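Novice: generate coordinates for the sequence data below:
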Amino acid sequence: MIRLENLTKVFDTPKGAVVAADHINMEVPSGEICILLGPSGCGKTTTLKMINRIVKPSSGKVFINGDDTTGMDTQDLRRNIGYVIQQIGLFPNMTIEENIAVVPKLLGWDKARYKERARELMHMIALEPDAFLKRYPSELSGGQQQRIGVARALAADPPVMLMDEPFGAIDPINRAVIQDEFLKMQQDLKKTIMFVSHDIDEAIKMGDRVAVFREGKLVQYSSPDDLLAAPKNAFVESFLGEDRALKRLNLVKVAEVVSDEIGTVKPEDTLTTALARIDDFGYQNSILMINDKRQPVGLISRSLARTTKGYCRDHFQNVPATVSLDDDLRKVASLMFAQDITWLPCVDEEGRVCGQITQRAMTHHLGARFRTKQRETSAVAAEPKE
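Specialist: Residues are numbered from 1 along each chain as shown. Okay, the predicted model is just below:
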């Protein structure tokens, strides 16, 4: 949907020419989010602004859906590209409804259509239309204003959106909420988005692809997982930080690591039976008790089963936590550390046990990805040079 071909910007300054973007070549497939990441002054915002011509390229081309935008009218180009900035830029003398309807009005939409579109978008960004549409921006919090900025960019249903650190000025709690809501919207909308960020965690969470810039050059362009597993050079590795392996916890779902082998007992089983089954799964110090619907109802510990006689229903501890197949490994690791446990039961949408996840399995899964990339890198380095 977006293709940049040798896109370059040179600024003339009193001290001479400064290359802000140096022959940038990249493609963003339809429906994906591409994060432009890098330190201040690296060229990511300049590259973004050249797409809708807020900054005029010195050379190179921008293609939108296969069309060269070089000869397009600038106003027509911008009306077909949603644009969201950190400063939001809502018109203070307009109501929220009027702010959202700015571009649809310019495109000639009738009143009923743009009013209905405004209400639809308010529901989409989780703000009640009747409570907010007639208000002015000054009557909203910063987080609410940022949501309106996103709604305004979506108003005319553009195929492409450009976002320049849109959530950077919002406090961490509201930022996480808005990021989650935006990703939910994106599942339905499937917009093609270029998104400038300086936050590595945000890039990993939001992006289908991440482009790392340095001093005007595109250094690495890959999926978040490939970026973390195989930084291209020392700069990228340093920029990602020493905890990049932990950052991958956000990218892996429980479904990728879960084992369907899990020992269980019923309430009517004896503690002797429970101990025998714990021994069958020797890496665990407890076993899960389930009811007739395969829902977890308790834990029987090894120490209890060794020293006590009777039935499981009379001697159990509460299940400290469960996880679902859609949860990511960061949540799993947090629960394990908080509860001082090395495994957790996994449940389906009906709360039925469908397997377990262990610290050992998580460590192996994450390590295997790094080892694979290291072998691939070593193999390339070992190839004879012509």
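
Novice: so where's this protein uncertain?
Specialist: Residue ranges of the chain with pLDDT under 70: 88, 169, 282-283, 369-386.

Novice: domains for it, by residue range?
Specialist: 2-252, 255-358 (automatic domain parsing).

Novice: with distance to His364 as extra columns, can I get these in TSV?
Specialist: The way it works is simple: take the backbone N, C-alpha and C, and place the C-beta from them, glycine included. TSV is the format used below for these (distance: least, C-beta to C-beta, whole Å):
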stretch	distance to His364
domain 2-252	12
domain 255-358	9
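
Novice: how about those domains in CSV, adding mean neighbour count and distance to His365?
Specialist: Listed next are the domains of the chain as CSV, based on neighbours: other C-beta atoms under 10 Å; distance: least, C-beta to C-beta, whole Å:
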stretch, mean neighbour count, distance to His365
domain 2-252, 18, 7
domain 255-358, 17, 5
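
Novice: off-centre distance for stretch 223-238?
Specialist: Stretch 223-238 has its C-alpha centroid displaced from the chain centroid by 17 Å (C-alpha atoms, centre = their mean, to the nearest Å).

Novice: can you give me the end-to-end span of it?
Specialist: End-to-end span of stretch 223-238 (C-alpha to C-alpha, to the nearest Å): 18 Å.

Novice: repeat for stretch 303-322
Specialist: For stretch 303-322, the end-to-end distance is 22 Å (C-alpha to C-alpha).

Novice: quick revisit: could you point out which of the domains of the chain sits nearest Leu366?
Specialist: Closest to Leu366 of the domains of the chain is domain 2-252 (C-beta to C-beta; 5.8 Å).

Novice: next SSE after the helix or strand containing Arg152?
Specialist: Using DSSP states H and E, Arg152 sits within helix 142-154. Going down the chain from helix 142-154, the next helix or strand is strand 160-164, by DSSP H and E.

Novice: what's that following strand in contact with?
Specialist: For strand 160-164, contacts defined as C-beta atoms under 8 Å, 6 or more residues apart in numbering pick out 1-2, 45, 48-49, 51-52, 64, 80-86, 153-154, 191-196.

Novice: restricted to strands, list those.
Specialist: Counted as lying in strands by DSSP state E, out of these, are 2, 64, 81-85, 192-196.

Novice: the residue lying farthest from the centre of the chain and Asp243: what is the separation?
Specialist: Most distant residue from the mean C-alpha position of the chain: Lys309, 49.7 Å away (C-alpha atoms, centre = their mean). Per C-beta to C-beta, to the nearest Å, Lys309 is found 48 Å from Asp243.

Novice: equivalent analysis for Glu349, please.
Specialist: Glu349 is 32 Å from Asp243, where distance means C-beta to C-beta.

Novice: so what's the nearest residue to Leu275 once chain neighbours are set aside up against?
Specialist: Take Leu275 and drop its neighbours on the chain: the residue closest to it by C-beta to C-beta, 6 or more residues apart in numbering is Ala305, 3.8 Å away. Ala305 sits next to 271-272, 274-275, 278 when contact means C-beta under 8 Å, 6+ apart.

Novice: circling back to that earlier point, wait, the residue farthest from the centre of the chain sits on Ala274?
Specialist: No. Using C-beta atoms under 8 Å, Lys309 makes no contact with Ala274, being 11.3 Å away.

Novice: now the helices for the stretch 1-150 of the chain?
Specialist: Counting by DSSP state H, counting those that start in this stretch, one finds helices in the stretch 1-150 of the chain at the ranges 44-51, 74-79, 96-100, 102-106, 111-124, 129-132, 142-154.

Novice: other SSEs contacting the first one?
Specialist: The reference is to helix 44-51. strand 2-13, strand 16-28, strand 33-37, strand 59-64, strand 160-164, strand 192-197, strand 209-214 (3 or more C-beta pairs under 8 Å, 6 or more residues apart in numbering; DSSP states H and E).

Novice: before I go, just wanted to say thanks for your time.
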